[in-house]
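coords please:
(2 chains)
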Amino acid sequence: MVLELASNMGRVPEAPDLAESPLSIRGLTVTYGQKPAVFSVDMTVEPGKMTAIIGPNGAGKSTTLKAALGIVPHVSGQVQVFGKPIDTQRARIAYVPQRASVDWDFPTRVIDVVLMGVYRELGLLGRLRGRHKAKAMDCLNRVGMREFAERQIGQLSGGQQQRVFLARALAQDADLYLLDEPFAGVDAATEKAIISVLKSLRAEGKTVVVVHHDLATVTDYFENVFLINTRKVAEGPVTQAFTAETLQTAYGGRLATAQVDQLAQAVG
Amino acid sequence: MSGEEFVPLSLTPILIGTFAAIACALPGNFLLLRRQALIGDAISHVVLPGIVVAFLLTGAISAWPMMLGAAGASVVAVILIEAIRRLGRIEPGAAMGVVFTTMFAGGVLLLEQTDTSNVHLDVEHALYGNLESLIWLDAVGWSSLLDAQALAHLPVELPRIAATLVCVAMFIGVFWRALKISTFDEGFARTMGIRVNALGMALVIVAAIAAVAAFDAVGSIIVIAMFICPPAAARMMTNRLEAQVAWSIVFATISAVVGYVLAGYGPLWLGAFDAVSAAGMIATVSGIILALAAKFGPCRSRTGAPMTA
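Residues are numbered from 1 along each chain as shown, chains lettered A, B, ... in the order given. From the prediction side, this is the model:
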């Protein structure tokens, strides 16, 4: 009897949503000083979809992503990537940080930044070969920045810098792409270029998660949304989770009623 | 100048000065880009209490215990600076300012309270080092470089600083990509699984080792100057990290060689009789190089402020 029970227990599969999700977060809490920035958040990203993380300024959108990735420490919570601990899955993750988070005066060229995407593949002392350079050039080509390869990164416009960051993420050859505010302060051409690359990634079966601030484009760009205001507000397909009610809950008084109505119409 | 004169009197000080300059300039490149350049300054101040404590424990002025004391004090300071920076959430400059003034003051108090009046432990030695005294008396000319017996009497500082340089260069070489990416984009480096905090700490410890070894041979003036001047001048010559590091090595070498020669012979050329401090002249030359690079360097303008698209 006991033996039978033990063997049965051994066969009990893991919670299926945890095992299949490219990124699943349970009970994530992050504090800055005494104040919680993210409180007990659960998130389950659907594979092969584009998900937007949405919420007002200071709601913990970027913090959720950074804490999940281990860039900022979290007080509590568990993070699994493709059902396994994140440290075993880092090769499958590509990350695009906020453009303002780095020093663009750093002495390096566009191509060198994209090559940072293959550093993991190279290891500590692996030689950088022609095929790595060819891959980096190909990634630059995909974001329309091929002719800028030899430029110093500080000589680029904000939109061009953002595209270089996306090219670096492409060079990482990942299955899960996490982007932090990629559309912030970029020109219309760059926004178009970025969204078309992201859609092509989805077409290849990759999963894309974007911290996003522009409510007007959510329904056009994304299938799923995750609404947050320190705590999780809603999660799921745009048609169900991106509604006037959930937006009102997430943004509260910060969103003008007219804006909510307009969005509600857009949502349908 | 003939080999008989040059090899015993000038070769070893020039080599020691050059190795010390490069050993400090190499990590200086990364410290500069991380906005931590003043850490060299901090280290050369905080070693004082370490040296005094080492003297108190051993009762003698000898190289190894004092170097260990200095290294110990540097490590304590580095940990304190990182702790204050992270716990207090303040910028690194402020954390360094607090730590190195406090530790230096502690060192002065310690020095005053103990009976060191009969030994040669003074501020002057700490500042200027004594590069000019590191001569190779057993050498008779270039042929001595192949003479095992003469080589056995090389000033002990030379192999020590050479070994330090090799260690520093190996650290930078092995962790080149990790250092580059964690300096440029710390968040991205973390997502790749690079242990950014440990690497940053290791860089500062390597810098401290270079500083202490150079401090022992050439004094703190050169240490402070070489951490900052050659990398800063090199940054204005190029927009590539690889080239910047190469330029910084060139500038460090020029500073050491030209500075030493000018200190030894410059006053004679001007009709005076005394030589001036080699350490002071080397630091001055590096400062002049920095000024020239700032005026004429091809990449001296700031380009990186993100433009709005």
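
Could you list the contact residues of the stretch 151-300 of chain B toward chain A?
Proximity of the stretch 151-300 of chain B to chain A is confined to B:174-175, B:177-178, B:180-181, B:183-188, B:190-193, B:235, B:238-241, B:243-244, B:299 under the rule C-beta under 8 Å from any C-beta of the partner chain. In this view, the C-beta of every residue, glycine as well, is placed from N, C-alpha and C.

what's around A:A188, how many residues?
9 (other C-beta atoms under 10 Å in any protein chain shown).

Repeat that for A:A203.
9.

Kindly report the same for B:V140.
B:V140 has 14 nearby residues by other C-beta under 10 Å.

in what helix or strand does the residue lying closest to it once chain neighbours are set aside lie?
Distances taken as C-beta to C-beta, 6 or more residues apart in numbering or on different chains place B:E4 nearest to B:V140, at 6.2 Å, with adjacent residues excluded. For B:E4, the host element (DSSP states H and E) is helix B:3-6.

what's in contact with that helix?
Applying C-beta atoms under 8 Å, 6 or more residues apart in numbering or on different chains, the contact partners of helix B:3-6 are B:140-143.

show me the residues around B:A233 that make contact.
B:247-248, B:251, B:286, B:289-290, B:292-294, B:297.

rerun that using 7 Å as the cut-off
Shown in contact with B:A233 (C-beta atoms under 7 Å, 6 or more residues apart in numbering or on different chains): B:251, B:289-290, B:293.

I'd like these laid out as CSV, including neighbour count and secondary structure.
CSV is the format used below for these (neighbours: other C-beta atoms under 10 Å in any protein chain shown; DSSP: H, G, I helix; E, B strand; the rest coil):
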residue, neighbour count, secondary structure
B:F251, 26, helix
B:I289, 21, helix
B:L290, 23, helix
B:A293, 22, helix
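
Need phi/psi at the closest residue to B:I39 other than its chain neighbours.
Distances taken as C-beta to C-beta, 6+ apart place B:L31 nearest to B:I39, at 5.6 Å, with adjacent residues excluded. Phi and psi for B:L31, reported as degrees, to the nearest 10, are phi -60, psi -40.

Ranking helices and strands of the chain by mean pLDDT, which lands last?
Picked chain A for this. One helix or strand of chain A scores below all others by mean pLDDT, DSSP states H and E: helix A:2-11, with a mean of 45.

that answer is for a different chain, and I need it for chain B
For chain B, judged by mean pLDDT, DSSP H and E, that is helix B:123-128, with a mean of 62.

Give me the next element, helix or strand, following it.
Sequence order places helix B:148-151 as the next helix or strand after helix B:123-128, per DSSP H and E.

what sits up against that following helix?
B:138-139, B:144.

Mind putting those residues into JSON lines with pLDDT, neighbour count and distance to A:A189?
Listed next are the contacts of helix B:148-151 as JSON lines, based on pLDDT from 0 to 100; neighbours: other C-beta atoms under 10 Å in any protein chain shown; distance: C-beta to C-beta, whole Å:
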{"residue": "B:D138", "pLDDT": "80", "neighbour count": "14", "distance to A:A189": "72"}
{"residue": "B:A139", "pLDDT": "81", "neighbour count": "23", "distance to A:A189": "68"}
{"residue": "B:S144", "pLDDT": "81", "neighbour count": "21", "distance to A:A189": "69"}
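
And these, which is closest to B:T18?
Nearest to B:T18, judged by C-beta to C-beta, of the contacts of helix B:148-151 is B:A139 at 17.5 Å.

quick one: contacts for that closest one?
Here B:A139 is in contact with B:7-8, B:150 (criterion: C-beta under 7 Å, 6+ apart).

can you check B:F215 too?
B:44, B:47, B:70, B:223.

go again using 10 Å as the cut-off
Shown in contact with B:F215 (C-beta atoms under 10 Å, 6 or more residues apart in numbering or on different chains): B:20, B:24, B:43-44, B:47, B:51, B:66-67, B:70, B:74, B:126-127, B:129, B:208, B:221-224.

Filter those down to just the ones in strands.
Of the contacts of B:F215, none are assigned to strands by DSSP state E.

returning to that earlier point: mind checking which of the residues of the stretch 151-300 of chain B next to chain A are buried?
B:175, B:177-178, B:180-181, B:183-188, B:190-193, B:235, B:238-241, B:244, B:299 (16 or more other C-beta atoms under 10 Å in any protein chain shown).

A:G126 and B:W176 touch, don't they?
No: contact between A:G126 and B:W176 fails when scored by C-beta atoms under 10 Å: they sit 11.7 Å apart.

Looking at these two, which has the bigger crowd around it?
B:W176 (16 against 12).

mind listing what that one touches?
A:124-125, B:30, B:241-242, B:245.

Now the most centrally placed residue in chain A. Its backbone dihedrals?
Centroid-nearest residue in chain A, with C-alpha atoms, centre = their mean: A:L178, separated by 2.2 Å. Dihedral angles of A:L178 (phi, psi; degrees, to the nearest 10) stand at phi -120, psi 120.

Quickly list what it is bridged to.
A:Y95, A:V209 (DSSP bridges).

Quickly find the element holding B:I254.
helix B:241-269.

Closest to chain A out of the contacts of helix B:3-6?
B:W142 (37.5 Å; C-beta to the nearest C-beta).

how many neighbours does that closest one have?
B:W142 has 13 nearby residues by other C-beta under 10 Å.
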